[in-house]
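*Asks:* Mind folding the following:
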Amino acid sequence: MSTPPPDKRVPLRIRLPFATEDEFIEKYGQHVARGGIFIATKSTKPEGTAVSFDLILTDGTKLMRGEGSVQKLSTDEQPGRSGMLVRFERVDARTKALIDRIIALRAGVTKLEAPVIAPSAPEPPAPKLSPPATLKKGAKLLADDVVLGIDLGTTTCRAAIFVDGAARLITIPSERGVAMPSIIAYDPARAKLLIGSAAKQYRVDHPESAVSGFKRLMGHRARSKKIKELRQRFYFTLEPDPEGDVGAELGGRVYSMAELAAELLRELKNAAQETLGRELSRCVMCVPAWYNDHQRSAVLTAARLAGLEALRVLNEPSAVALAFGFGRGLARKRVLVYDLGGGTFDASVVEITGDDLEVVSTGGDNFLGGLDFDERLADAIISTLPPGPKERLIASRMIVERVRGAAEVAKISLSDRTESPVRLPFATTDDAGQPMALRVDVERSFLEHATKDLVDRTAEVTQVVLETANLSPQSLDEVLMVGGQSRAPAVRRRLNAMLGREARSDVDPQGAVALGAALLGHAMVMRERGKQGVSLSEVLSAPIGVAVKGGAMRRVLERNTRLPAEKTLQVPVQANVPVSIAVFQGSSARADENDYLGAITAVADRAGDLSLRFSVTADGRLTLSATTPTGKNVEMTFATTEASDEVQAKLLAEAPLPGEEDVKAKGLLTGIKRLFGRSS
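*Replies:* This is a model prediction of the structure:
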């Protein structure tokens, strides 16, 4: 093959997701041969294209440089999964030395362990190079053993994998780091969705076209009381999706929250695949402990839409405990996990014995997190303006969004400093119509005063978690504080004062959830191989029950029930007459104040009691089955689509189970209702 002039070659400058040469060799070395290299990339060139290439490490150091031609393309069934085989024609001295080292290591001169990305077949001799095998249906590659651990956070999301005996966070090339903003925006000029940092930047000028914080909305009914309360807090338009859940309108189309979450999951999956050079198909998804069955279903739907099989839905505090205790050989430690993230708060007590974890008690609030601190501080900053300029500022969504962004920056800064300036030029206009800047020096004490009730709220929830398990602060061995908002000094002081002890500070506050998920994924792989690994026992986060006459909820499974669990409810029925029962989850004594999960419809062949079995899996998923009075299994339906107000009212009025006295119903766990009823 004749070598074309340099100006005829297509330049390829590829920034690799590796920090060092050794990391590149370990994680990608099997894709390098003396004759060429397989480059995993979305931007392939046609076969025969002459190229000049530069492969660069994350810090900008040039790793490989040379010239060659595209010999073969490799594509997957799913769009965007592609790469190309580049045959070397000329390489510089550094690249040649690196190739020699890789070949020597592979030949056994020095053993090189690469358990996650080992090739599925022996490398063919040069120059007949073959790209790494893609994952096909039914194929059993070593990459199948890689389970992606995913933290789908309210404000940021992360992913991790288990490699070289430890869980490690994945670098996301588009973000140049391990965290991606949980934001999706729609740009009408390009008629496309923007993801992560690109969406966050677009949101500054177009807040109505960007969706953020949708983890809080996922799995909520569009007509629920909570959604009605929240509508004014979101700049994007909330609309019902086809299932009756809350969705978001972007570009004239209503997206379900699961569809939006799937966009983020695809990006995380792509980043992991580019790192490994392999297709990934399995994951462990993390959710707030206080998520109900319907919300967990929405998360599973998001994973499926992203092309991932979710092996387990893992509660976030449990993931943190796993990241803390894994491999340490702890002798029965009782740990409190306090997880105050960007949008949700969870508290769980977990007992750790070696690599066995048992959740004792859990609680939380899906509408309490860093976003609320940002909003509270932004409102306080805006309130410093005179009435006229203040009203004009509030009238502009774009400016309010800028203030919230500045408030977040100031809040983070005040975790380490006692004062932080906020400067927004041209924020509003004065009464004479002249441009007016917003200039405030925010003191830490100002922030702490504005958010004191939010901090107190987390302490109240934590106290209830301890009380429901009959635990005192003195019975705890360790306290773990995670989540970005947990770094706030006021939060730490409040918790330390309540518990009478200092929380540990050696746990990654923002990466622990994804790392714990990756560890559980690895443990599940080990179990598939017949080896012992981590064991985890969860509890039910909120009661599950049915509506009874009078509007109360009869609890079938109580909060903190050990999972998996099963319980049978006897329902009086008539022969061949359909019976419908509304199922709810939540801590309120009133059914309609809890989350509506769906309606059961069944028909018995004889009058008597229908045995309705409620089964909850190890990760909090509800399944239902029924047996007729004659002992036969009966076909039944469980409609999870949101019922209309009229249908729900009819279900409550015609409940087949007798109601209890209102006094008794309203007295059920009033303390729990007071604390947790707001999140229903």
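
*Asks:* So the closest residue to Ala306 other than its chain neighbours: helix, strand or coil?
*Replies:* Nearest residue to Ala306, sequence neighbours excluded (CB to CB, 6 or more residues apart in numbering): Leu265, at 3.7 Å. Quick note: C-beta positions are derived from backbone N, CA and C, even for glycine. Using DSSP: H, G, I helix; E, B strand; the rest coil, the secondary structure recorded for Leu265 is helix.

*Asks:* Next: the one 10 residues further on.
*Replies:* Thr275 carries the three-state label helix when classified by three-state DSSP.

*Asks:* Relative to Thr617, how far out is it?
*Replies:* Applying CB to CB, to the nearest Å, the value for Thr275 to Thr617 is 31 Å.

*Asks:* can you give me the mean pLDDT across stretch 164-173?
*Replies:* The pLDDT scores in stretch 164-173 average 90.

*Asks:* whoops, stretch 516-533 was the one
*Replies:* For stretch 516-533, the mean per-residue pLDDT is 89.

*Asks:* Just the buried residues of it, please?
*Replies:* Within stretch 516-533, the residues that count as buried by 16 or more other CB atoms under 10 Å are 516-525, 533.

*Asks:* do the same with stretch 18-29
*Replies:* 18, 21, 23-29.

*Asks:* OK, contacts around the closest residue to Asp355 other than its chain neighbours?
*Replies:* Spatial nearest neighbour of Asp355, excluding adjacent residues (CB to CB, 6+ apart): Val534 at 4.6 Å. With contacts defined as CB atoms under 8 Å, 6 or more residues apart in numbering, Val534 is in contact with 322, 326, 355-357, 519-520, 523.

*Asks:* Show the subsequent helix or strand relative to the lengthiest strand in the chain.
*Replies:* As assigned by DSSP state E, the longest strand anywhere in the chain is strand 62-75. Scanning forward in sequence from strand 62-75 by DSSP states H and E, the next helix or strand is strand 82-91.

*Asks:* Quick one: work out the angle between that next one and strand 62-75.
*Replies:* Taking axes from the mean of the first three to the mean of the last three CA atoms, to 10 degrees, one finds strand 82-91 and strand 62-75 inclined to each other by 140 degrees.

*Asks:* Tell me the helices and strands packed up against strand 82-91.
*Replies:* Other helices and strands packing on strand 82-91, by 3 or more CB pairs under 8 Å, 6 or more residues apart in numbering; DSSP states H and E, are strand 36-40, strand 62-75.

*Asks:* any residues touching stretch 392-404, and which ones?
*Replies:* So stretch 392-404 is contacted by 203-208, 235, 374-375, 378, 381-382, 385, 424, 427-429, 438 (CB under 8 Å, 6+ apart).

*Asks:* Buried only: go through the residues you listed for me.
*Replies:* Buried residues within those, counting neighbours by 16+ other CB under 10 Å: 203, 206-208, 235, 374-375, 378, 381-382, 385, 424, 427-428, 438.

*Asks:* Next, check the residues you listed against the helices and list the overlap.
*Replies:* 203, 374-375, 378, 381-382 (DSSP state H).

*Asks:* quick one: which of the buried ones among the contacts of stretch 392-404 is nearest to Ala552?
*Replies:* Nearest to Ala552 among these, counting by CB to CB, is Glu375 at 34.9 Å.

*Asks:* Does the closest one touch Arg233 like I think?
*Replies:* Yes - counting by CB atoms under 8 Å, Glu375 does reach Arg233; the two are 7.4 Å apart.

*Asks:* circling back to that earlier point, tell me which of Thr275 and Thr617 has more neighbours.
*Replies:* Thr275 (26 against 16; other CB atoms under 10 Å).

*Asks:* give the contact list for that one.
*Replies:* 17, 27, 161, 170-171.

*Asks:* Pro489 now?
*Replies:* 415, 444, 448.

*Asks:* Highest neighbour count among those?
*Replies:* Going by other CB under 10 Å, Arg444 tops the contacts of Pro489 with 20 neighbours.

*Asks:* wait, that residue sits on Thr418?
*Replies:* Yes - using CB under 8 Å, Arg444 is in contact with Thr418, at 4.9 Å.

*Asks:* In a helix, Ala347, correct?
*Replies:* No - under the criterion used here (three-state DSSP), Ala347 is strand, not part of a helix.

*Asks:* burial measure for it, as a count.
*Replies:* As a burial measure, Ala347 scores 26 neighbours (other CB under 10 Å).

*Asks:* And the residue nearest the centre of the chain, how far from Ala514?
*Replies:* With distances taken as CA atoms, centre = their mean, Leu152 lies nearest the centre of the chain, 1.5 Å away. Applying CB to CB, the value for Leu152 to Ala514 is 9 Å.

*Asks:* what ranges do the helices span in the stretch 51-200 of the chain?
*Replies:* Secondary structure of the stretch 51-200 of the chain (DSSP state H, counting those that start in this stretch): helices at 93-106, 197-205.

*Asks:* With mean pLDDT and distance to Ala258 added, can I get these in TSV?
*Replies:* Below are those laid out as TSV (pLDDT from 0 to 100; distance: least, CB to CB, whole Å):
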stretch	mean pLDDT	distance to Ala258
helix 93-106	78	42
helix 197-205	92	17
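
*Asks:* From the rest of the structure, what touches stretch 237-246?
*Replies:* Contact partners of stretch 237-246, identified using CB under 8 Å, 6+ apart, comprise 208, 217, 219-224, 227, 230-231, 247-249, 254-257, 294, 298, 640-643.

*Asks:* just to revisit the earlier point, out of the helices and strands packed on strand 82-91, the one nearest Glu654 is which?
*Replies:* strand 62-75 (56.4 Å).

*Asks:* What helices and strands are in contact with the closest one?
*Replies:* Using 3+ CB pairs under 8 Å, 6+ apart, strand 62-75 is in contact with strand 36-40, strand 50-56, strand 82-91, helix 93-106.

*Asks:* Would you tell me which one of the ones you listed is buried the most?
*Replies:* For these, the largest average neighbour count (mean count of other CB atoms under 10 Å) is found in strand 36-40, namely a mean of 23.

*Asks:* okay, stretch 275-282 in PDB with CA atoms only?
*Replies:* In PDB, the C-alpha atoms belonging to stretch 275-282 read as follows (Å, rounded to 0.1, in the frame of the first residue of the first chain):
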ATOM      1  CA  THR A 275     -13.500   2.100  29.100                       C
ATOM      2  CA  LEU A 276     -13.800  -1.700  28.900                       C
ATOM      3  CA  GLY A 277     -13.900  -2.100  25.100                       C
ATOM      4  CA  ARG A 278     -16.900  -4.400  25.600                       C
ATOM      5  CA  GLU A 279     -20.600  -4.400  25.600                       C
ATOM      6  CA  LEU A 280     -22.300  -4.300  28.900                       C
ATOM      7  CA  SER A 281     -25.800  -5.600  29.600                       C
ATOM      8  CA  ARG A 282     -26.300  -5.900  33.300                       C
END
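
*Asks:* for that stretch, what is the average pLDDT?
*Replies:* Per-residue scores along stretch 275-282 average to 89.

*Asks:* go on, stretch 566-579?
*Replies:* Rounded to a whole number, the mean pLDDT of stretch 566-579 is 91.

*Asks:* Out of the helices and strands packed on strand 62-75, flag the one nearest Val10.
*Replies:* Short answer: strand 50-56, nearest of the helices and strands packed on strand 62-75 by CB to CB, at 4.9 Å.

*Asks:* That'll do, ta.
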